[in-house]
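**Q** This is a predicted model, with the sequence first.
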Amino acid sequence: MAFVKRVALAPRAVRQLRRVRSVYVTGMLLSALGLLSYDDSAAGGRQTVIAGIFLAVFAALLTLTAVQLWRHGRTKHCSTARKLTPLA
């Protein structure tokens, strides 16, 4: 098994990741709205393909952001993770 080095994120990076999530969700919603707004006669058109690509890109970016924040929250040795995670 490979040795995995856990590196804690800086507080600024964590704040930026949390802020950018809303941008990615908005991009996904607008892409999905654009994809659904095209009628069936234009199916397979350039606009449909581009909207689908945008939807896939925003979904991938949101997933990567969520994974980064999840991994950062799991680090026990990081004081930044302890300070920024909400107490539940």
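**A** Looks like it came in fine.
**Q** helix or strand for Leu9, which one?
**A** Per DSSP states H and E: Leu9 is located in neither a helix nor a strand.
**Q** sorry, that was for Ala32
**A** For Ala32, the host element (DSSP H and E) is helix 11-37.
**Q** where does this structure dip in pLDDT?
**A** Within the chain, the set of residues satisfying pLDDT under 70 comprises 1-8, 39-44, 74-88.
**Q** How is Val49 assigned, secondary-structure-wise?
**A** Judged by DSSP: H, G, I helix; E, B strand; the rest coil, the three-state class of Val49 is helix.
**Q** hang on, Arg18 packs against Leu69?
**A** Yes - taking contacts as C-beta atoms under 8 Å, Arg18 lies within contact range of Leu69: 6.9 Å. Heads up, the C-betas are built off the backbone N, CA and C, glycines and all.
**Q** Name the residue in these two with the higher neighbour count.
**A** With other C-beta atoms under 10 Å as the criterion, Arg18 and Leu69 differ in neighbour count, and Leu69 comes out ahead with 19 against 12.
**Q** any idea how far Leu35 is from Val20?
**A** Using C-beta to C-beta, to the nearest Å, one obtains 22 Å as the distance from Val20 to Leu35.
**Q** Neighbour count for those two, which is higher?
**A** In terms of neighbours (other C-beta under 10 Å), Leu35 is the more surrounded of Val20 and Leu35; the figures are 16 against 13.
**Q** Distance of that one relative to Trp70?
**A** 28 Å.
**Q** list the helices and strands the strand or helix carrying Leu64 packs on?
**A** Take DSSP H and E as the rule and Leu64 turns out to sit in helix 46-73. Contact partners of helix 46-73 among helices and strands, from 3 or more C-beta pairs under 8 Å, 6 or more residues apart in numbering; DSSP states H and E: helix 11-37, helix 79-84.
**Q** Reformat these as CSV; add distance to Thr65.
**A** What follows is those, written out as CSV (distance: least, C-beta to C-beta, whole Å):
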stretch, distance to Thr65
helix 11-37, 5
helix 79-84, 15
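**Q** Please identify which of those helices is closest to Ile53.
**A** When the helices and strands packed on helix 46-73 are compared by C-beta to C-beta, helix 11-37 sits nearest Ile53, at 8.6 Å.
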